[in-house]
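Asks: generate a structure from the sequence data that follows.
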Amino acid sequence: MPRYEYRCRTCGDTFELSRPMAESAAPAACPSGHDDTVKLLSTVAVAGSASAPAPAPCAGGGGGGCCGGGCCG
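Replies: So this is what the prediction gives:
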């Protein structure tokens with residue numbers, strides 16, 4: 001289940017709630033009981049060591065390659 005981050009406009013606390021995507025826009029009360037909250041735009045961090053594959057070399061002209069359609073000399 002996704003986690004959504006909210007901030008209380010009354011006390012300034014930031015908190016998270018796990019709820020279904022269908023309820024992501026539903027009002028959320030802060031842990032202190034205040035109702036004036038806003039959903040924050042959360043960032044997603046992805047870590048890993050995989051690298052993107054190298055582009056295929058241009059062989060004899062035509063499509064693709066490093067320049068999006070032509071060969072770079």
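Asks: strands of this structure, residue ranges please.
Replies: Taking DSSP state E as the test, the strands found in the chain are 3-8, 14-18, 37-39.
Asks: can I get those strands in CSV with mean pLDDT?
Replies: Formatted as CSV, the strands of the chain follow (pLDDT from 0 to 100):
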stretch, mean pLDDT
strand 3-8, 94
strand 14-18, 94
strand 37-39, 94
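Asks: can you tell which of the ones you listed is closest to residue 31?
Replies: If you check each of the strands of the chain against residue 31 by Cβ to Cβ, strand 14-18 wins as the nearest, at 5.7 Å. The C-beta positions use only the backbone N, C-alpha and C, and glycine is treated the same way.
Asks: list the helices and strands that closest one packs on?
Replies: If you count contacts as 3 or more Cβ pairs under 8 Å, 6 or more residues apart in numbering; DSSP states H and E, strand 14-18 packs onto strand 3-8.
Asks: any buried residues in the strand it packs on, and which?
Replies: 4, 6, 8 (16 or more other Cβ atoms under 10 Å).
Asks: which one of those is nearest residue 40?
Replies: Of the buried residues of strand 3-8, the one sitting nearest to residue 40 (Cβ to Cβ) turns out to be residue 6, at 6.4 Å.
Asks: and the buried residues of strand 3-8, which is closest to residue 36?
Replies: Scanning the buried residues of strand 3-8 for proximity to residue 36, where the rule is Cβ to Cβ, the winner is residue 8, at 6.8 Å.
Asks: would you enumerate the residues in contact with residue 1?
Replies: Neighbour list for residue 1: 18-20 [criterion: Cβ atoms under 8 Å, 6 or more residues apart in numbering].
Asks: most neighbours among these, please name it.
Replies: Ranked by neighbour count (other Cβ atoms under 10 Å), these have residue 19 at the top, with 14 neighbours.
Asks: can you pull the pLDDT of that residue?
Replies: In this model, residue 19 is scored at 93, pLDDT.
Asks: repeat for residue 1
Replies: Per the predicted model, pLDDT is 87 at residue 1.
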